[in-house]
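Output the structure for:
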Amino acid sequence: MQPDYDALGGEAAIMDRISILKTDITTLAVDAIVNAANTTLLGGGGVDGAIHRAAGPELVAECTLLGGCPTGQAKMTKGYRLPAKYVIHTVGPVWTGGDRGEPELLANCYRSCFAIAREHGLRTLAFPAISCGVYRFPVEQAVEIAVRETRVALEKNPAIKQVIFACFGDEIYGAYRRAVEACS
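Next up, the predicted model:
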């Protein structure tokens, strides 16, 4: 089914619902922030560790009840001490060259997060650069997948009012700027 561009305001309106910020994702007051988690969901390094530290010990306590999460899937918890109401934990693929389904697994991360957002009526979300840190996914390719899947999700779900790509460094920020500008 094609989206009703008259009702949504066209492609420009979809792109207007995407923001790129150079910021710490743990400071954002949105309905949900997305955690680039590992399969245990019990914390780790990078953004995962930062989210767990900022949310407090209640987050890891809830995560122990979830039984982990497979790569490409997502699960939601409360945000606890974060300004965000919820955390959507998704497990991105480790890059091993691209011939083990890594691009599709990364796309599934975004699809799973947006499915949870739709199911729970979430209107504002913030994503980190999933798999771009220690999981070594090529930044430009990961960002292209993130922007593509976000555009598709926004076309299908007008209830989502804002998606923020929270970028911690200049390289990621520049990659998102280029990818979004290429769509505008």
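
separation between residue 82 and residue 74?
As defined by Cβ to Cβ, to the nearest Å, residue 82 lies at a distance of 17 Å from residue 74. For every residue, glycine as well, the C-beta is placed using N, CA and C.

Then residue 67?
For residue 67, the distance to residue 74 - Cβ to Cβ - is 14 Å.

Look up the residues forming beta bridges with the most centrally placed residue in the chain.
Compute the mean C-alpha point of the chain, and by Cα atoms, centre = their mean the closest residue is residue 127, 3.2 Å away. Residue 127 forms beta bridges with residue 165, as assigned by DSSP bridges.

What are the neighbouring residues in contact with it?
33-34, 110, 113, 146, 150, 163-166 (Cβ atoms under 8 Å, 6 or more residues apart in numbering).

Can you list the neighbours in contact with the helix or strand encompassing residue 110?
Using DSSP states H and E, residue 110 maps to helix 102-120. Helix 102-120 is contacted from outside by 31-32, 34, 71-76, 86, 88, 90-96, 122, 125, 127, 130-131, 137, 141-142, 145-146, 148-150, 153, 157, 159-160, using Cβ under 8 Å, 6+ apart.

Okay, buried residues for it please.
By neighbour count on 16 or more other Cβ atoms under 10 Å, the buried set for helix 102-120 is 102-103, 105-117.

Quick one: the helices in this structure, in order.
Counting by DSSP state H, the chain has helices at residues 5-8, 10-16, 46-55, 57-64, 102-120, 139-156, 170-183.

between the third one and helix 57-64, what angle do the directions make?
The reference is to helix 46-55. Angle of helix 46-55 versus helix 57-64, following axes from the mean of the first three to the mean of the last three Cα atoms, to 10 degrees, is 120 degrees.

Show the model's pLDDT score for residue 184.
Residue 184 is assigned 74 on the pLDDT scale.
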